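Asks: Provide a 3D model corresponding to the input given below.
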Amino acid sequence: MEIENLPNHLGLILDGNRRWAKVRNLPVWMGHKKGAEKLEEVLNWCLEAGIKQISVYILSTENIQNRPKFEIKKIFQLLYEYLKRWERGEFKVIERYKVKIRVIGNLKLLPKKLRELIRKLIKKTSNYKERFLNLLIAYGAKFEILQAVKKLIRKVKEKKVEEINLEKYLMIKEPVDLIIRTGGYSRLSNFLVLQAAYAEIWVTKTLWPDFSKEEFYKALKWYSSLKRNFGK
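Replies: Here you go, the predicted model:
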């Protein structure tokens, strides 16, 4: 299905894994596993549609701080399992569409084994320039902005800055055009706050593991129909 006006940069807020498991009387980690399977499916739709850049909100700094340790440990295990598949080339769309993978967040909060795998995956895709996939893991916009401010202050002290431009020091510099959020909540939840300043936001009550291709294209059609004024 062709869409005339695709978002150049799509943000995905994956919400509803735990609720999906709860309504089925399944352990929480089963919801996260189903969500990981759905992510591969949706990424395939995005790349198939022709979207150039995708930012996926996988795990926030608040999640790591506030959720039960056993749940976070299981999420780390699932991340390792799926990213290992990608590193081995088993998720074929990465090579097919020449997707450069970037992992954004406070990676110091992740297990060493997972950090090492992430480095390998980033290196493996470093020469790809066709598409970009940003995986936001241990991420929070407040953390990103704070790091950008620190870099900017350091540059100012070193007298290496000609103009004050905070956006230049963000981990993701490109503005987000469209955000799709599943699970029914209409909020950003500390996701790319500056990059999403003029983003269109499409919310569905569908829980992430149940998100369908029909809904995906419905969101793209909705975006395509909009006239974006950017404050004009």
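
Asks: any idea how far the spatially most central residue of the chain lies from residue 198?
Replies: The structure's the chain has its C-alpha centroid closest to residue 56; by CA atoms, centre = their mean the separation is 1.3 Å. Separation of residue 56 from residue 198 (CB to CB, to the nearest Å) stands at 20 Å. For the C-beta atoms, the positions are set from N, CA and C on the backbone; glycine is no exception.

Asks: what comes up buried for stretch 130-139?
Replies: 131-139 (16 or more other CB atoms under 10 Å).

Asks: now this structure, which segments are flagged as low pLDDT?
Replies: The chain contains residues with pLDDT under 70 at 1, 160-162, 230-232.

Asks: After the longest helix along it, which helix or strand is next?
Replies: Scanning the chain for the helix with the most residues, using DSSP state H, yields helix 28-49. Later in the chain than helix 28-49, the nearest helix or strand by DSSP states H and E is strand 53-60.

Asks: From the chain's centroid, how far away is that next one?
Replies: Offset of strand 53-60 from its chain centre (CA atoms, centre = their mean, to the nearest Å): 1 Å.

Asks: which residues are contacting the helix or strand that that strand is followed by?
Replies: Downstream of strand 53-60, the next assigned helix or strand under DSSP H and E is helix 61-66. Residues outside helix 61-66 that contact it (CB atoms under 8 Å, 6 or more residues apart in numbering) are 72, 75, 105-106, 109, 138-140, 142-143, 190.

Asks: List only those of those flagged as buried.
Replies: Counted by 16+ other CB under 10 Å, the contacts of helix 61-66 give 72, 75, 105, 109, 138-140, 143, 190 as buried.

Asks: which ones among the residues you listed are found in strands?
Replies: 138-139 (DSSP state E).
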